[in-house]
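# Below is the structure, and that's it, no one-letter string:
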């Protein structure tokens, strides 16, 4: 995982909470800063892909390790 400016722990939360929390966190970042999200909801993979397209933020990285999903999203 690359460098990031802020981390959001969304483990144990189900859709749509990881997205809602990420939206709030990313709104507090400056353009170009990176938010790292950790989630356990398998549906979050598709959710974050769609979220990136809809908001113009860049999904830089998406990974899964032992049931935990990590995402790096750069604010557009």
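Nice, thanks for sending it over. All values derive from a computational prediction rather than experimental measurement.

# need the contact list for the closest residue to residue 40 other than its chain neighbours.
Leaving aside its sequence neighbours, residue 40 sits nearest to residue 11 (C-beta to C-beta, 6 or more residues apart in numbering; 4.7 Å). Heads up, the C-betas are built off the backbone N, CA and C, glycines and all. Neighbour list for residue 11: 38, 39, 40, 68 [criterion: C-beta atoms under 8 Å, 6 or more residues apart in numbering].

# and the last one, how far is that from residue 56?
Shown here: residue 68 relative to residue 56, a distance of 26 Å by C-beta to C-beta, to the nearest Å.

# Out of the contacts of residue 11, who's the most crowded?
Neighbour count (other C-beta atoms under 10 Å) singles out residue 39 as the most crowded of the contacts of residue 11, with 28 neighbours.

# bridging residues for it?
residue 10, residue 69 (DSSP bridges).

# looking at it, it is touching residue 71, isn't it?
Yes. Using C-beta atoms under 8 Å, residue 39 is in contact with residue 71, at 7.4 Å.

# A strand includes residue 46, no?
No. Counting by DSSP: H, G, I helix; E, B strand; the rest coil, residue 46 falls outside a strand, being helix.

# returning to what we had before: okay, and the common contacts of residue 39 and residue 71?
Common neighbours of residue 39 and residue 71 (C-beta under 8 Å, 6+ apart) do not exist.
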